[in-house]
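Engineer: Next come a sequence and a model predicted from it.
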Amino acid sequence: MLMQRVITASLLFLLVAGLLWAGNAQAWLFFALVLSFVSAWEWFGFTGSEKPVPRVLYGALVTALVFWGVSQGGMSLFMFLTLIVMVAMVMMVIQYQRRKGQFGIRNQFMILLLGVVVLINFASVLLFFVSEYSAGVVLLSLFVIWAIDTGAYFSGRRFGKHKLANHVSPGKTWEGVYGGALLAFIIAITGLYLLDPVLNISYLATALVFTVIGLFSIFGDLFESLLKRQANLKDSSQLLPGHGGVLDRSDSLLLALPIFYFVWQWIL
């Protein structure tokens, strides 16, 4: 299973890195639209319904709205959507944990509406990100987020004792969070010195800010776990060997990457 995860993650990284270095706007648009459709198709499963026609129509709607968002949406809109996504994810995860799994989103329409907001915001901001910043800047942001996940996985397995949110995701521990944060900080400070950008604040302060942003990726992960748990799903799909679905692989990016985009605008 671990080898499958490594191979799949490596192939996905090569795909994303290749697209970044190619710098082809049309290729990125195609990638983002396909990603939006597949993610929306998986998100529909959180309602508990497996009806194929509504599922495909939902995917088509989200994909069309992403295309509209990229061409017509302004930065103020996506800042607002990012704030909505952040508040929704944090509050729902906290409430679900506090109420020991007795709280959730039961209304199918609300689940789908939230999916529209989350996915449109993520895919649109992703396209703005790669079009406005260098491949190095985007990859550093991705590496910091991935470092949280990787560090948490290994440190949690080795040292994990204290549960982070056992009613949402029983496998996550506070020790995993600490390990993920440490690795994210190391990646952030190392990446900043390698890229050597001219920033408005020090590299040390920037690395600390990046680490905090990376920690928001945990809420994306926990929020998807919440949706899967109430829908009695283990994975969002079986598309990616060793990882489950596209949302299982990208859940940590849904909130953290848009925040990174807006923070880069502030520090550069």
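Structural biologist: Received, thanks.
Engineer: could you say what helices and strands whichever strand or helix holds Phe219 packs with?
Structural biologist: Using DSSP states H and E, Phe219 sits in helix 203-230. Helices and strands touching helix 203-230, by 3 or more C-beta pairs under 8 Å, 6 or more residues apart in numbering; DSSP states H and E, are helix 75-98, helix 135-159, strand 169-173, helix 174-195, helix 253-267. (Glycine included, C-beta is placed from N, CA and C.)
Engineer: can you rerun that using 6 Å?
Structural biologist: Applying 3 or more C-beta pairs under 6 Å, 6 or more residues apart in numbering; DSSP states H and E, one finds that helix 203-230 contacts helix 75-98, helix 135-159, helix 174-195, helix 253-267.
Engineer: Which positions in that helix come out as buried?
Structural biologist: By 16 or more other C-beta atoms under 10 Å, the buried positions in helix 203-230 come out as 203, 206-211, 213-230.
Engineer: what does the very next helix or strand once past that helix rub up against?
Structural biologist: With elements assigned by DSSP H and E, the helix or strand that comes after helix 203-230 is helix 246-250. With contact meaning C-beta atoms under 6 Å, 6 or more residues apart in numbering, helix 246-250 is reached by 38-39, 42, 224, 235-236, 240, 243.
Engineer: Narrow those to those that are buried.
Structural biologist: Applying 16+ other C-beta under 10 Å to the contacts of helix 246-250 flags 38-39, 42, 224, 236, 240, 243 as buried.
Engineer: As CSV, these with distance to Leu20 would be great.
Structural biologist: Listed next are the buried ones among the contacts of helix 246-250 as CSV, based on distance: C-beta to C-beta, whole Å:
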residue, distance to Leu20
Val38, 20
Ser39, 19
Glu42, 24
Glu224, 25
Ser236, 25
Leu240, 20
His243, 21
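Engineer: Among those residues, find me the one that's closest to Gln265.
Structural biologist: The nearest member of these to Gln265, counting by C-beta to C-beta, is Ser39 at 24.8 Å.
Engineer: How much space separates Gly220 from Leu14?
Structural biologist: To Leu14, Gly220 is 23 Å away according to C-beta to C-beta, to the nearest Å.
Engineer: Next: Phe122.
Structural biologist: 21 Å.
Engineer: Looking at those two now, which is surrounded by more residues?
Structural biologist: Phe122 (27 against 10; other C-beta atoms under 10 Å).
Engineer: contacting residues for the more buried one?
Structural biologist: Leu254.
Engineer: That one: helix or strand, and which one exactly?
Structural biologist: helix 108-132.
Engineer: Flag every buried residue along that helix.
Structural biologist: 111-112, 114-116, 118-130.
Engineer: What distance do you get for Phe67 to Val38?
Structural biologist: For Phe67, the distance to Val38 equals 15 Å [C-beta to C-beta].
Engineer: what residues are up against Gly214?
Structural biologist: Applying C-beta under 6 Å, 6+ apart, we find Gly214 in contact with 144-145, 148, 184.
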